[in-house]
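[1] one predicted model, sequence on top.
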Amino acid sequence: MDQEQQLLRDVFGYPDFRPGQRSLIDSLLGGRDVLGIMPTGAGKSICYQLPALLLPGITVVVSPLISLMKDQVGALVQSGVRAAYINSSLTERQCRKALENACSGMYKIIYVAPERLMTAGFLAVAAAQPISMVCVDEAHCVSQWGQDFRPSYLSIPDYIATLPRRPVVGAFTATATGEVREDILRLLQLQDPEVLVTGFDRPNLYFGVLSPADKYAAAKKYLTEHPERSGIIYCLTRKTVEEVTDRLCSDGFSAVRYHAGLTPEERRQNQDAFVFDRARIMVATNAFGMGIDKSNVSFVLHYNMPKNIESYYQEAGRAGRDGAPADCILLYSGRDVITNQFLIEQSEPNPDLSPEQQAALRERDKERLRQMTFYATAHSCLREFLLRYFGEHPASYCGHCSVCEAGFELVDAADAAACALRAVAATGRRFGMMTWIDLLRGAKNDKLLYGALAASAEYGALAGWEREQLRALFAQLLEEGLLSRTEDDRPVLLLTDAGRCYLAHPAPLMLHRPNPRSRAAHPAAKQPAAAHPVDASLLAQLKELRLSLAKRAGVPAFVIFTDVTLQKICAMMPKDETEFLQVPGVGKAKCERYAADFLALLDAYRENGGQ
């Protein structure tokens, strides 16, 4: 076993590297810059924490959020690593003490907010101790085209330039389109970097889209059916957060709220209640979440549709960080599109951008909203849609999303497409999608029977199609650009120039058509790995012990051991410290600190009739 493998086992408690980790670690140790694009839960932090222990000086990790630093440093300290963070949560005296410790060489890893990089106190650390590596977490924040642009990230190259010797630089993110990727490389001035994209797929996540008439009833139904799960409900506005939280609390659910309108103290208290498992549901705007390292989030419900797929995938990806099965469900309505359009139009201009750049960014935001809407109304595999958006080419059936579960068939819908386009073109009237669906199905309602639409040659032409199948057809016509939709309170469909061209020169149009009457036959789906079968009562006892140890240490329970590690303990039933150290997620420091307590519980369990 080489040195890196030994550290992975002894410090972090893992027997093997995950895909991509070893390559990035070897590059950093060899002095080569890296850009790692790895999905949440893929182990990005190991890629810089492990080489930091082998390099001679200090590793500086630039991180955007206080909560991320606190959790990461807490986990490192529990694993026996000397680490600290420098941010605004520290008092002046605490900050001064941390900087003094850093100057004396006490720490191997220092997390720092980007705004603190160029302060005199932090620059003094580099004058006193060698900086061997600078790592940029959430690196997409450097790009104005990313969903979380932070101008302070642009100061990172300036900080690196002040160092006596340029350290190796690593940049890491979970979500980055090709354009954002190029921005990261250019703006962080990475030199001959290894660029590694391990893939965006998260097989343990289930993706679903619902369009309920009553969103609260749908959310309440899910929470009632999963009473033990901890998760996040994302809402577009502060008002919705308040309404949903109040209703949940009134209905007896353990829920707290988070948005920018609360006082910093209440935000901190509510976040701690969620992270420390005192509240199982967090209802929040997108102000909550980036950097939250809570591993046992087992669902993310989007009460409203976000503005873009990058934000959706990042927020949904906060579920299942420990690799256990988790649900990501979007509750969609057409009103969400209108609200997002309003938010884009009313967004505050970025003072760091020129008027031309601001206009271009707004148009880009509108296009990203269109793509998000296509996802929310998709009638083909949701996982395929997401991965294709990020440049991958997955199979068209995953078996683990709401569309695949419902079943669909792949058909050439060229004739039906032409029929729908002719209907929109012929009448010269402007109507919404549902009117055209009713016309094509030959519905007998007043609008059709007593208006000019009933005389259309296409009236009833697709009577054999189900309503959901026609929804899928119109969604694809919009996605292909053959139709467009107006951006107002009552959006209507319009034929585009591309649509006219298609009518003049028809071509095959392959459609994943919903098959509502029977589940379509598909090849075996890729399903998440099943968890080890465990004794529920033993697992509950282990969780109770973990909670008491976490309270004693003043850290969240998952920092002691994740739920997955507890499940492994149940499955492996170690009898001594040697066997306890073989449990994935148990390193030497944690073994020394906690083995006696857990082994005593397991011994008592066996004595009382357990295996």
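    Yep, it's here. Numbering: from 1, shown residues only.
[2] would you say F122 is within a strand?
    No - going by DSSP: H, G, I helix; E, B strand; the rest coil, the assignment for F122 is helix, not a strand.
[3] excluding chain neighbours, what is closest to G43?
    R18 (4.6 Å; Cβ to Cβ, 6 or more residues apart in numbering). (Each C-beta comes from the backbone N, C-alpha and C, glycine too.)
[4] other SSEs contacting the one helix or strand Y111 maps to?
    Per DSSP states H and E, Y111 falls inside strand 109-112. Helices and strands touching strand 109-112, by 3 or more Cβ pairs under 8 Å, 6 or more residues apart in numbering; DSSP states H and E, are strand 58-62, helix 66-78, strand 83-86.
[5] which residues touch the nearest residue to D535 once chain neighbours are set aside?
    Distances taken as Cβ to Cβ, 6+ apart place C570 nearest to D535, at 6.1 Å, with adjacent residues excluded. Going by Cβ atoms under 8 Å, 6 or more residues apart in numbering, C570 touches H532, V534, D535, L538, L539, L542.
[6] so which of these is the most crowded?
    Neighbour counts for those (other Cβ atoms under 10 Å) peak at L542, which has 23 neighbours.
[7] on that earlier part again, hmm, the residue nearest to G43 is touching P39, no?
    No - proximity of R18 to P39 does not meet the contact threshold set by Cβ atoms under 8 Å, at 10.6 Å.
[8] and those two? Which one has more around it.
    P39 (21 against 16).
[9] can you list the buried residues in the helix ranked longest in the chain?
    The longest helix of the chain (DSSP state H) is helix 355-376. Of all the residues in helix 355-376, those buried under the rule 16 or more other Cβ atoms under 10 Å are Q358, L361, D365, K366, R368, L369, R370, M372, T373, F374, Y375, A376.
[10] tell me where the model's unsure across the stretch 351-500 of the chain.
    352-353, 427-429, 449-452, 488-489 (pLDDT under 70).
[11] low-confidence ranges, this protein, go.
    For the chain, the ranges with pLDDT under 70 are 1, 146-147, 290-293, 350, 352-353, 427-429, 449-452, 488-489, 516-533, 610-611.
[12] give me the domain ranges for it.
    If you go by automatic domain parsing, the domain ranges for the chain are 3-197, 205-357+386-401, 408-514, 536-607.
[13] quick one, whatever helix or strand V209 lives in and helix 355-376 angle?
    Using DSSP H and E, V209 sits within strand 205-210. On the basis of axes from the mean of the first three to the mean of the last three Cα atoms, to 10 degrees, strand 205-210 is oriented at 90 degrees to helix 355-376.
[14] list the buried residues of the very next helix or strand once past strand 205-210.
    Going down the chain from strand 205-210, the next helix or strand is helix 215-225, by DSSP H and E. Neighbour-count burial for helix 215-225 flags K215, A218, A219, K220, Y222, L223 (criterion: 16+ other Cβ under 10 Å).
[15] which of those lies closest to F408?
    The closest of the buried residues of helix 215-225 to F408 turns out to be A218 (Cβ to Cβ; 22.3 Å).
[16] my read: the closest one touches G208, true?
    No - between A218 and G208 there is no contact under Cβ under 8 Å: 10.7 Å.
[17] now do the strands in the stretch 351-500 of the chain.
    408-412, 483-485, 493-495 (DSSP state E, counting those that start in this stretch).
[18] take those strands and lay them out in JSON lines including mean neighbour count and distance to C47.
    Shown next, in JSON lines, are the strands of the stretch 351-500 of the chain (neighbours: other Cβ atoms under 10 Å; distance: least, Cβ to Cβ, whole Å):
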{"stretch": "strand 408-412", "mean neighbour count": "16", "distance to C47": "38"}
{"stretch": "strand 483-485", "mean neighbour count": "20", "distance to C47": "43"}
{"stretch": "strand 493-495", "mean neighbour count": "19", "distance to C47": "47"}
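[19] quick one: which of the ones you listed is nearest Q94?
    Across these, closest to Q94 is strand 483-485 (Cβ to Cβ), at 53.8 Å.
[20] which residues of the stretch 451-600 of the chain fall in helices?
    For the stretch 451-600 of the chain, the helices defined by DSSP state H, counting those that start in this stretch occupy 467-479, 497-504, 536-553, 557-560, 563-572, 577-580, 588-607.
[21] winner for burial among those helices?
    Of all these, helix 557-560 has the most neighbours on average by mean count of other Cβ atoms under 10 Å, namely a mean of 25.
[22] show me what that helix packs onto, helices and strands only.
    Using 3+ Cβ pairs under 8 Å, 6+ apart: helix 557-560 touches helix 66-78, helix 536-553.
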